[in-house]
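Asker: My questions concern the predicted model and sequence given below.
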Amino acid sequence: GKGFAIGSAALVSLALFGAFVTRVSADMPEIEKLSVKGVNLLSPVVFAFLVFGAMVPYWFSALTMRSVGEAANAMVKEVARQWSEIEGLSESAGLDFKERQDWREAGKTLAKPDYQVCIEIATKASLREMIAPGVLVICTPILVGTFCGVQAVAGLLTGAIASSVQLAISMSNTGGAWDNAKKYTEKGELNGYFPFRDGKKLSDNWYLQAEMDGGHGEAALEQKQMTEDGQERRVNIKTWLGDLQKTDKARYDKIMAGEEPVESVDGRKCIYAGKKSQAHAGAVVGDTVG
């Protein structure tokens, strides 16, 4: 979908550039028409504004990314306020669907956040913060054409089209990579790759073991658990962590924060890197920004 959007935008930009050349050529002498003589890149004015135009998409992207950061910061502050002021919100906000069902069955009340304030922050920020980028893309060609002429605008648009396509492809691939990284982490495929650093030297084949079949993924971190009849069995790491969260919350928090290791099936000390871990949190932030 992103590729089609980028391709269609590039073709539309090219068509609009052609329309610009045709329109300005209509009022020019025959010998000076851009549709006849074309745009000369060796012209100092054209080349200078081509370079400037190539910078405009990066300027626009910088403004929008800064706006996202400011809006996210405002949202974080609001979430922190609600967590501190709404009683019970910090305990119930992080529950998944099944955990919420268990809470309701146990007769516990789920604290609800004030969604309206968060919606207002996002909506107002999306309108307010897009004023500067909008002014940039609308006023730049007008000002350049007014003070520097048609040739300068042609160079500006040429540079902007060329660099914006490259930038769009780069950002699309980057965003897709972050999204894949988040999904890969949520599946638990990173488990077994991160050694727990306790000051001891790692064995020479530590990473080779992680690369082998069964050395990574959720299966690599299956944990031992005693059954009701006293038998020992291995259970999925997510199941084990779910039970641990109920019986030893402090240890669970340390494991999720990477402060305590989880032993792999082959005896290596690893940092848990599945859903809700620090690795997953990093992937989520990267996916959001990307």
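Answerer: On my side now, so go ahead. Numbers count the residues shown, from 1 in each chain.
Asker: any low-confidence regions in the stretch 151-290 of the chain?
Answerer: Low-confidence segments of the stretch 151-290 of the chain (pLDDT under 70): 289-290.
Asker: Tell me, how many residues neighbour residue 1?
Answerer: For residue 1, the neighbour count with other C-beta atoms under 10 Å is 6. C-beta: built from backbone N, CA, C; applies to glycine.
Asker: Quick one: the helices in the stretch 51-200 of the chain, in order.
Answerer: 89-92, 97-105, 115-128, 131-148, 150-186 (DSSP state H, counting those that start in this stretch).
Asker: could you redo the ones you listed as TSV and give each row mean neighbour count?
Answerer: Rendered in TSV, the data for the helices of the stretch 51-200 of the chain read as follows (neighbours: other C-beta atoms under 10 Å):
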stretch	mean neighbour count
helix 89-92	15
helix 97-105	11
helix 115-128	12
helix 131-148	14
helix 150-186	18
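Asker: Next, the contact list for residue 245, please.
Answerer: Shown in contact with residue 245 (C-beta atoms under 8 Å, 6 or more residues apart in numbering): residue 252.
Asker: could you measure it against residue 235, distance?
Answerer: In this structure, residue 245 and residue 235 are 14 Å apart, going by C-beta to C-beta, to the nearest Å.
Asker: and if you look at residue 66?
Answerer: Residue 66 is 46 Å from residue 235, where distance means C-beta to C-beta.
Asker: Then residue 270?
Answerer: Distance check for residue 270 against residue 235: by C-beta to C-beta, it reads 17 Å.
Asker: now do residue 160
Answerer: According to C-beta to C-beta, residue 160 stands 57 Å off from residue 235.
Asker: Kindly report the same for residue 147.
Answerer: Separation of residue 147 from residue 235 (C-beta to C-beta): 72 Å.
Asker: got it, and residue 265?
Answerer: Note on residue 265: its distance to residue 235, by C-beta to C-beta, is 12 Å.
Asker: Quick check: neighbours shared by these two?
Answerer: Contact with both residue 265 and residue 235 is made by residues residue 222, according to C-beta under 8 Å, 6+ apart.
Asker: Could you tell me which residues within stretch 280-290 count as buried?
Answerer: Of the residues in stretch 280-290, those with enough neighbours to count as buried (16 or more other C-beta atoms under 10 Å) are 280, 283, 284, 286, 287, 290.
Asker: which residue sits closest to the fourth one in space, ignoring its chain neighbours?
Answerer: Nearest residue to residue 286 in three dimensions, chain neighbours excluded: residue 178, at 4.3 Å (C-beta to C-beta, 6 or more residues apart in numbering).
Asker: what does the first one give?
Answerer: Once flanking residues are discounted, residue 280 sits nearest to residue 185: 4.7 Å by C-beta to C-beta, 6+ apart.
Asker: Wait, that neighbour touches residue 275, no?
Answerer: Yes - with contact defined as C-beta atoms under 8 Å, residue 185 and residue 275 form a contacting pair (7.1 Å).
Asker: I'd assumed residue 233 was in a strand, is it?
Answerer: Yes - assessed by DSSP: H, G, I helix; E, B strand; the rest coil, residue 233 belongs to a strand.
Asker: Enumerate the beta-bridge partners assigned to it.
Answerer: In this entry, residue 233 is beta-bridged to residue 225, by DSSP bridges.
Asker: rewinding a little: same list (the buried residues of stretch 280-290) but as a markdown table, adding secondary structure and distance to residue 31.
Answerer: Formatted as a markdown table, the buried residues of stretch 280-290 follow (DSSP: H, G, I helix; E, B strand; the rest coil; distance: C-beta to C-beta, whole Å):
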| residue | secondary structure | distance to residue 31 |
| --- | --- | --- |
| 280 | helix | 65 |
| 283 | helix | 59 |
| 284 | helix | 60 |
| 286 | helix | 55 |
| 287 | helix | 55 |
| 290 | coil | 50 |
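Asker: of all the residues you listed, which comes closest to residue 42?
Answerer: The shortest gap between residue 42 and any of the buried residues of stretch 280-290 belongs to residue 290, at 38.8 Å (C-beta to C-beta).
Asker: Residue 270 and residue 235: who's more crowded?
Answerer: The residue with more neighbours, out of residue 270 and residue 235, is residue 270; 24 against 15, by other C-beta under 10 Å.
Asker: Before I go, just wanted to say thanks for your time.
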